[in-house]
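Visitor: Here's my sequence, what's the structure:
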Amino acid sequence: MSGVGQYSAFADVAIYAAVRTPWVDLGGALAQVSPIDLGIKVGREVLARAGVDPLAVDSVLAGSMAQASFDAYLLPRHVGLYSGVAQSVPALGVQRICATGFELLRQAAEQLRDEVQLALCVASESMSRNPIAAYTHRDGFRLGGEVQFKDFLWEALYDPAPGLDMIATADHLARRYGLSREAVDRYACESHQRALQAQRDGAWAEEIVTVDNQVFELEGYQPRGISLAHRAAAVTQDSHPRPTDLAALARLRAVHVNGVQTAGNSCAVVDGAAAALVGRASACTRPALAQLLASAVVGVAPEFMGIGPAPAIRLLLQRSGLSLDEIGRFEINEAQAAQVLAVAQELQLDSARLNVQGGSLAVGHPLAATGLRLVMTLARQLRRHNLRYGIAAACVGGGQGMALLIENPAYRG
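Guide: Next up is the predicted model:
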């Protein structure tokens, strides 16, 4: 059916295991680590967690948004090679901006329809190493001419089609859905409180792997490795969740005049990487983390890009034959507080099932890696609370939305 998005249903597809590094604030301990090395770290760890020989992997899929190292083109290939995957196994770079992590899983599921048995999916993002870039000076500088070096990390937020940055698109949604500054600040405050509680309860402990200083060897080739900044010996947990209150959030100035979005109610800027091993459910020799049932991706107006998860979730439910009430948990990326509140209002989602461990406002949003984080967090919630179905979703810059439907293989009805 044309014009309504893309829906894919999957049979016999399981996420065997999934892990991530801690999400660490911009300029923190991971600031000087190449996203390739972060990706190698989680690639190795997820294979070990699954108890799978790297030589059994048939496909490597990897994603990263900004070119945060001079060898960025080689990220998928080097992640595979240094994770121990056979040299003969190909590697593919995948990019769907904030939904890159979801797209990795979708691509893996599609490959399993053919000859692939096991796919290693890795997403890695160094926001700290986003470059100060110039695109117009290859031929040099004209005497007295304008010199244009800009901060890629900031400028990449701007969409020239509607002439708006991502924060302004959230302000558009706030006006459309009648969301006040107090409402978005209240949501942000709750996200931090939920994340801090989840951290205290150890809710993320199973998915986070410690990152320390280490070297990655590959016989016959140059070693790579991780060297943490600020003389850190190891990083063990997310760094951004912090105590806050409405009064502190209210003191922050809005990014745009008459807008509601501030630095406090927008996603945290962090570095991090995540990985998942995807294979056939029927071939899994250990309890799988989740079964991947379906995906949906849609386009929306760029000026309202943050609403993307709503039509994606609707398409996912419509085609899968499920209702909202049958979904035990929703993990929707918190790009901005107004954006996720607009989606919740559009779908009439209750807060008891939405981002119950907090979200990217508190934890952070390393662009390519967030989708994998949402799915692994969701899968573990389903198992912990004996819930059957969960949906993870995200808006995408430029005007898209993507959602994945997963099932708890350990569900006891």
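
Visitor: any idea whether Q318 is helix, strand or coil?
Guide: helix (DSSP: H, G, I helix; E, B strand; the rest coil).

Visitor: Show the model's pLDDT score for it.
Guide: On pLDDT, Q318 comes in at 97.

Visitor: pLDDT weak spots in this structure?
Guide: Residue ranges of the chain with pLDDT under 70: 1-3.

Visitor: need the helices for it, in chain order.
Guide: Using DSSP state H, the helices of the chain run over residues 35-50, 75-82, 100-111, 152-155, 166-176, 181-201, 246-250, 309-320, 337-347, 370-384.

Visitor: all strands for the stretch 201-350 of the chain, in order.
Guide: Applying DSSP state E, counting those that start in this stretch to the stretch 201-350 of the chain gives strands spanning 211-212, 214-216, 224-226, 234-235, 270-280, 290-299, 327-332.

Visitor: Give me whichever of these is most buried.
Guide: A comparison of the strands of the stretch 201-350 of the chain by mean neighbour count, using mean count of other CB atoms under 10 Å, puts strand 270-280 on top with a mean of 29. (C-beta placed from N, C-alpha, C; glycine too.)

Visitor: For that one, name the packing helices and strands.
Guide: Strand 270-280 is packed against strand 13-20, strand 24-25, helix 35-50, helix 100-111, strand 118-125, helix 370-384, with contacts defined by 3 or more CB pairs under 8 Å, 6 or more residues apart in numbering; DSSP states H and E.

Visitor: who wins for proximity to Q6 among the ones you listed?
Guide: Of all those, helix 100-111 sits nearest to Q6, with 9.3 Å by CB to CB.

Visitor: nearest to L354, of the helices of the chain?
Guide: Going by CB to CB, the one of those nearest L354 is helix 337-347, 6.0 Å.

Visitor: For that closest one, name the packing helices and strands.
Guide: Short answer (3+ CB pairs under 8 Å, 6+ apart): helix 337-347 packs on helix 166-176, helix 181-201, helix 309-320, strand 327-332, strand 389-396.

Visitor: could you dump the strands of the stretch 201-350 of the chain to a markdown table with distance to D165?
Guide: Shown next, in a markdown table, are the strands of the stretch 201-350 of the chain (distance: least, CB to CB, whole Å):
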| stretch | distance to D165 |
| --- | --- |
| strand 211-212 | 31 |
| strand 214-216 | 37 |
| strand 224-226 | 33 |
| strand 234-235 | 30 |
| strand 270-280 | 19 |
| strand 290-299 | 19 |
| strand 327-332 | 21 |
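
Visitor: Indicate which one of those is closest to L47.
Guide: strand 270-280 (6.5 Å).

Visitor: Roughly how far does the residue nearest the centre of the chain sit from D159?
Guide: Centrality entry for the chain: nearest residue to the mean C-alpha point is T370, 1.1 Å, by CA atoms, centre = their mean. Taking CB to CB, to the nearest Å as the criterion, T370 is separated from D159 by 19 Å.
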